[in-house]
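Visitor: Fold the following, please.
(one chain, ligands or ions: 2)
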Amino acid sequence: MRPSMLRSMESALRRAAGARSFSSGAAPGRKVAILGAAGGIGQPLSLLMKLNPLVTRLSLYDIAGTPGVAADVSHINTAAQVAGFAGEEQLGEALEGSDIVIIPAGVPRKPGMTRDDLFNINAGIVKSLSTAIAKYCPHALVNMISNPVNSTVPIAAEVFKKAGTYDEKKLFGVTTLDVIRAKTFYAGKAGLPVEDANVPVVGGHAGITILPLFSQATPSTNALSHEDIKALTKRTQDGGTEVVEAKAGKGSATLSMAYAGAVFADACLKGLNGVPDIVECSFVQSSITELPFFASKVRLGRNGVEEVLGLGSLSDFEKQGLENLKPELKSSIEKGIKFAKEN
Ligand SMILES: NC(=O)C1=CN([C@@H]2O[C@H](COP(=O)(O)OP(=O)(O)OC[C@H]3O[C@@H](n4cnc5c(N)ncnc54)[C@H](O)[C@@H]3O)[C@@H](O)[C@H]2O)C=CC1
Ligand SMILES: O=C([O-])CC(=O)C(=O)O
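Guide: Residues are numbered from 1 along each chain as shown. Ligands and ions are numbered 1, 2, ... in the order given. Below is the predicted model:
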């Protein structure tokens with residue numbers, strides 16, 4: 001790569017990270033921990049977080065394999081200091097002092113499985129990692145990637161409640177990949193520049209609980225028929241399955257998810273650092289519907305969630321989608337809460 005190209009990439013990354021908005025010129029040091037860092041998502045996510053100029057310490061944890069990932073990523077000439085931790089006995093050290101903990105630990109889907117089929121294995125993993133977070137970094141923002149997100153976020157909330165550390169402003173289910181897919185599919189179909197496209201996605205993160213709001217998409221267009229909107233909605237809802245089937249037994253989305261995870265963590269870092277008007281969709285504790293957790297636009301700030309934004313006006317098709325998703329989302333949330341209470 002030419003040096004001029006590298007320089008412009010670096011300055012674009014700095015701009016993307018909001019580093020220029022500090023009048024003192026220096027952003028505060030931030031520690032980010034990734035749990036499941038040796039996995040399909042964990043490795044490229046570690047790379048992307050190493051490139052983020054707001055990260056000063058990057059802690060890579062997994063049950064095995066992290067020393068290699070950490071050694072590899074640490075050679076990249078960016079500021080973040082990288083450390084690898086493997087095995088439960090090193091989990092505390094990995095977590096201590098973290099501002100953000102990102103969790104892509106757990107098993108991914110194979111063709112024919114739903115995200116809920118992952119519950120039996122991933123619920124226990126998320127519960128034990130959340131227990132450690134409550135002990136070692138109770139004030140960290142938690143970005144939950146492990147599926148089924150509709151249940152793992154409620155599990156983490158229950159674990160934190162039991163430990164007396166729960167702060168609803170600090171727990172996030174990462175639904176950014178749904179937004180990224182909706183933007184890509186919308187711009188592609190409407191013939192709009194993809195970098196300008198924005199589409200809120202609300203509800204949850206599985207099948208019909210994923211509800212893209214194309215009526216609020218920007219830039220708006222009249223190039224799309226109702227049939228087009230229905231097809232775009234279905235493709236967004238089935239985006240994960242599209243990748244699972246294409247990978248044919250070799251896992252689910254990893255690269256696009258690592259990108260999505262890095263975008264969301266970057267937004268959290270900017271919020272923590274006081275950059276104004278940082279808004280992303282996320283699955284959080286919510287009162288905008290009757291469900292206790294719900295994904296919608298969230299304003300991020302110095303303490304995590306600053307404001308859970310409402311749904312705005314919905315088309316009749318979206319109103320119907322909202323009603324259709326509630327029973328499934330409710331039961332996935334309740335399943336997570338029940339598991340955490342009983343185990
Ligand atoms: N929220 C979202 O939009 C998305 C979520 N996912 C989910 O992310 C999770 C991870 O997916 P992949 O990275 O593809 O799986 P993977 O199997 O490639 O990696 C998972 C990693 O977690 C590690 N792990 C297992 N138990 C652990 C524990 N107790 N502590 C720390 N690490 C542990 C494994 O050793 C492995 O390295 C899956 O549950 C998947 O369904 C995947 C794509 C999108
Ligand atoms: O579909 C899966 O199992 C992984 C996932 O959550 C996604 O890609 O959205």
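Visitor: Residues of the stretch 51-200 of the chain that sit close to ligand 2?
Guide: Residues of the stretch 51-200 of the chain lying near ligand 2 by C-beta under 6 Å from any ligand atom: Pro108, Arg109, Arg115, Asn147, Leu177. In this view, the C-beta of every residue, glycine as well, is placed from N, C-alpha and C.
Visitor: Output those in JSON lines; the columns should cover pLDDT, neighbour count and secondary structure.
Guide: Conversion of these to JSON lines gives the following (pLDDT from 0 to 100; neighbours: other C-beta atoms under 10 Å; DSSP: H, G, I helix; E, B strand; the rest coil):
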{"residue": "Pro108", "pLDDT": "98", "neighbour count": "24", "secondary structure": "coil"}
{"residue": "Arg109", "pLDDT": "97", "neighbour count": "23", "secondary structure": "coil"}
{"residue": "Arg115", "pLDDT": "97", "neighbour count": "25", "secondary structure": "helix"}
{"residue": "Asn147", "pLDDT": "98", "neighbour count": "26", "secondary structure": "coil"}
{"residue": "Leu177", "pLDDT": "99", "neighbour count": "25", "secondary structure": "helix"}
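Visitor: Okay, helices next: where are they in the stretch 1-150 of the chain?
Guide: For the stretch 1-150 of the chain, applying DSSP state H, counting those that start in this stretch gives helices covering 3-16, 42-50, 66-74, 91-95, 119-136, 149-163.
Visitor: so which of the ones you listed gets nearest Pro193?
Guide: Taking C-beta to C-beta as the criterion, Pro193 comes closest to helix 3-16 out of the helices of the stretch 1-150 of the chain, the separation being 16.9 Å.
Visitor: and that closest one, average pLDDT?
Guide: The pLDDT scores in helix 3-16 average 46.
Visitor: again, but for stretch 32-43
Guide: 98.
Visitor: Next: stretch 263-274.
Guide: Model confidence over stretch 263-274, given as mean pLDDT, is 98.
Visitor: Could you list the contact residues of the chain toward ligand 1?
Guide: Within the chain, the positions lying close to ligand 1 (C-beta under 6 Å from any ligand atom) are 35-36, 38-42, 62-63, 104-109, 118, 122, 125, 129, 145-147, 149, 174, 177, 205, 251-254, 257.
Visitor: Show me how to select, in ChimeraX, the buried members of these.
Guide: Listed next is the ChimeraX selection for buried residues among those, using 16 or more other C-beta atoms under 10 Å:
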select :35,36,38,39,40,41,42,62,104,105,106,107,108,109,118,122,125,129,145,146,147,149,174,177,205,251,252,253,254,257
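Visitor: Quick check: the residue of the stretch 1-150 of the chain found nearest ligand 1 vs ligand 2, distance?
Guide: In the stretch 1-150 of the chain, the residue that lies nearest ligand 1 is Gly39 (2.1 Å; C-beta to the nearest ligand atom). Distance of Gly39 to ligand 2, computed by C-beta to the nearest ligand atom, to the nearest Å: 12 Å.
Visitor: For that residue, what are phi and psi?
Guide: Torsion angles at Gly39 (phi, psi; degrees, to the nearest 10) stand at phi -90, psi -170.
Visitor: So it is in contact with Ile102, correct?
Guide: No: between Gly39 and Ile102 there is no contact under C-beta atoms under 8 Å: 11.7 Å.
Visitor: Closest to ligand 2 out of the residues of the stretch 51-200 of the chain next to ligand 2?
Guide: Arg109 (3.8 Å).
Visitor: so who does the closest one touch?
Guide: Counting by C-beta atoms under 8 Å, 6 or more residues apart in numbering, Arg109 makes contact with Arg115, Asp117, Leu118, Asn147, Gly240, Val244, Gly251, Ser252.
Visitor: Could you identify which of the helices of the stretch 1-150 of the chain has the lowest mean pLDDT?
Guide: Sorting those by mean pLDDT places helix 3-16 lowest, at a mean of 46.
Visitor: quick one on the thing from earlier: determine which two of the contacts of Arg109 are furthest apart.
Guide: Using C-beta to C-beta, the contacts of Arg109 reach their maximum pairwise distance at Asp117 and Gly251, which is 14.0 Å.
Visitor: Looking at the helices of the stretch 1-150 of the chain, which is nearest to Ser331?
Guide: Of all the helices of the stretch 1-150 of the chain, it is helix 149-163 that lies closest to Ser331, at 9.0 Å by C-beta to C-beta.
Visitor: Output the contacting helices and strands for that closest one.
Guide: Packed against helix 149-163 by the contact rule (3 or more C-beta pairs under 8 Å, 6 or more residues apart in numbering; DSSP states H and E) you find helix 119-136, strand 141-144, strand 171-173, strand 278-285, strand 293-301, helix 316-342.
Visitor: Just say which of the ones you listed is most tucked in.
Guide: When these are scored by mean count of other C-beta atoms under 10 Å, the highest mean neighbour count falls to strand 171-173 (a mean of 29).
Visitor: Mind checking the pLDDT average for it?
Guide: In this model, strand 171-173 has an average pLDDT of 99.
Visitor: elements contacting that strand?
Guide: Against strand 171-173 (3+ C-beta pairs under 8 Å, 6+ apart) you get strand 141-144, helix 149-163, strand 278-285, strand 293-301.
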